[in-house]
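Asks: Have a look at this prediction, sequence included:
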Amino acid sequence: MKGPWLGTLVVGGLAALDGTPMAQTLASQPLVTATILGALWGDWSTALGVGVVLQILAASTLPIGARTPEDYSVGGVVGAGVALTIAAGAPFEHVRQAASLAGVLAGMVAATIGVPLLRAQRRWNEGLARWCEQSLREGREGALAQSQGAAVALAFAIGLAATAVWLALAHWGSSFVEHESLRLAGAWHLLQPLWLGFGFAQLLHAFVQRRLERAGVFAAALVGAWLVIVAGAP
Amino acid sequence: MSEDVRETPPRPQQLGRGTLLEMGLRANLLQAAWNFERQQGLGWAFALAPALRALYPARETRLERLAEHTAYFNTQPTLASFALGAAARVEEQRALGTGGDAASMARLKSVLGSTFAALGDRLFWFSLRPFAAAVGVLVAMTHPSHGWGALALWLVYALPHLTMRFGGVAWGYAAGPAVLSGAFRDRLEAAVRWMALLGCVVLGVALAWALAPGGEPRPIAVQCALAVGLGVGLLSAQRARPSPTRWALAFGLVGVVLAWRFHG
């Protein structure tokens, strides 16, 4: 059991890096990290259930300009990690569904709490940048690489630490979720489609941009796909 | 410029492929030390360092230029590669003594940064990123026991992102400040339009699948929940605040409270 736990921590640190400081390839998006964690823990259905919902919400959270958006890089890992920790070894489907609900909620809260954490990290980087310029003017050429290295190490450490705290909380609260799993599973049955519909609407708004022809394309695709899916079903 | 450098003028050279590739690699760390004061300034200097190393053999001048480049810079991180290439071209002319001074370089960075931000935000943040997410979610919903959704999401975004990040430096270097020509902008604008249309199609298919996965319509309560989410989402999207996450958290809390109240 320690392997998946440690793996989740490392994925948390790496996701924090891909989110902003390094590469930005979207490998840190909740669907990708949830898939990796699903493979790590051997539970695809719980991981993807959480990953899809958090992904659709993360897609409408944009890092524009100097805005500090919700941190879905770490939030995605926390969401899937919490759900998998609770669901690990659970024999009943409703416990896994309750774990998914707890995971999505934990992921959203972690993403929201990540905002002040990111801001603190960015303020710390201000000092680093001033030190770097000063060092360069004093003739220390290596200061640039050292500053970049320090900033990367800090981002990784924050991602890893945040994931560790949330996994510990999940471990501590798993018996409560298991005990209340019937109620939570009932809530999950309605909240999952509600969240999906809400996320689809956010994406639709981003694509349509109040243009009638695009709304028409969406409606045609919806009706056409529905007919094909339902008529094509065995 | 200091006296000793004037006595032994630098011998600039054409930047080779290796230097441009190293700049592309370093551009991956453009936002490593992102901060509110200089934003991408430190990462910009770090990415430009290989070019400055090749162009300014005199250490003192090189360090002066590096320190200069740690000043404020911000743009969309993928398209920053084009700006890096263009700035390297101008630094090359500057090393030859024909490329202006620090103030003109700062003006160029400001123009490149704001223009690429305007283009890149629309292309990457408002179009490609939501489009990749929609494709990934659709594939994940239709193949719930595999990792294809994650792979699709990553490939749809990362392929153009990494191609532009690595290729953009050479492109910007070849074109110089003219990289912002009309033809380049037109291509990006066309990509934005097509992605919006394709995104509408993908979302339509995804919603149809969510209503009747595999052709089996879901219970009416689930379909109603989807419709309510869609309706509230379209209304809430008209305003920036509260953020979608806060709305979703509020739904979650209300849902849990209702489950406690009415279940068992």
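Replies: Now that the structure is in, tell me what you want to look at.

Asks: got the buried residues for the biggest helix by length in chain B?
Replies: For chain B, the longest helix by residue count, based on DSSP state H, is helix B:182-211. By neighbour count on 16 or more other CB atoms under 10 Å in any protein chain shown, the buried set for helix B:182-211 is B:188, B:192, B:195-211. C-betas here are computed from N, CA, C, even on glycine.

Asks: can you pull the contacts of the residue nearest in space to the middle of chain A?
Replies: The centre of chain A sits closest to A:Gly76, judged by CA atoms, centre = their mean, with a distance of 1.7 Å. Neighbour list for A:Gly76: A:15, A:28-34, A:51, A:54-55, A:58, A:107, A:111 [criterion: CB atoms under 8 Å, 6 or more residues apart in numbering or on different chains].

Asks: And the helices in the chain, which stretches?
Replies: No chain specified, so I'll use chain A. Going by DSSP H, chain A shows helices at A:2-19, A:30-41, A:44-58, A:72-87, A:93-137, A:143-179, A:181-208, A:212-232.

Asks: Chain B is the one I meant
Replies: B:3-7, B:17-26, B:41-55, B:59-69, B:80-95, B:102-120, B:129-142, B:148-175, B:182-211, B:220-236, B:244-262.

Asks: Just put those helices in CSV and tack on distance to chain A.
Replies: Output for the helices of chain B, formatted as CSV (distance: least, CB to the nearest CB, whole Å):
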stretch, distance to chain A
helix B:3-7, 13
helix B:17-26, 9
helix B:41-55, 5
helix B:59-69, 4
helix B:80-95, 11
helix B:102-120, 7
helix B:129-142, 3
helix B:148-175, 4
helix B:182-211, 3
helix B:220-236, 2
helix B:244-262, 4
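
Asks: possible to save these as JSON lines with mean pLDDT?
Replies: Formatted as JSON lines, the helices of chain B follow (pLDDT from 0 to 100):
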{"stretch": "helix B:3-7", "mean pLDDT": "41"}
{"stretch": "helix B:17-26", "mean pLDDT": "96"}
{"stretch": "helix B:41-55", "mean pLDDT": "96"}
{"stretch": "helix B:59-69", "mean pLDDT": "94"}
{"stretch": "helix B:80-95", "mean pLDDT": "94"}
{"stretch": "helix B:102-120", "mean pLDDT": "92"}
{"stretch": "helix B:129-142", "mean pLDDT": "96"}
{"stretch": "helix B:148-175", "mean pLDDT": "95"}
{"stretch": "helix B:182-211", "mean pLDDT": "92"}
{"stretch": "helix B:220-236", "mean pLDDT": "95"}
{"stretch": "helix B:244-262", "mean pLDDT": "91"}
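
Asks: Can you check which of those gets nearest to A:Ala164?
Replies: When the helices of chain B are compared by CB to CB, helix B:244-262 sits nearest A:Ala164, at 22.3 Å.

Asks: Now that closest one: buried residues?
Replies: B:Pro244, B:Thr245, B:Trp247, B:Ala248, B:Leu249, B:Phe251, B:Gly252, B:Gly255, B:Val256, B:Ala259.
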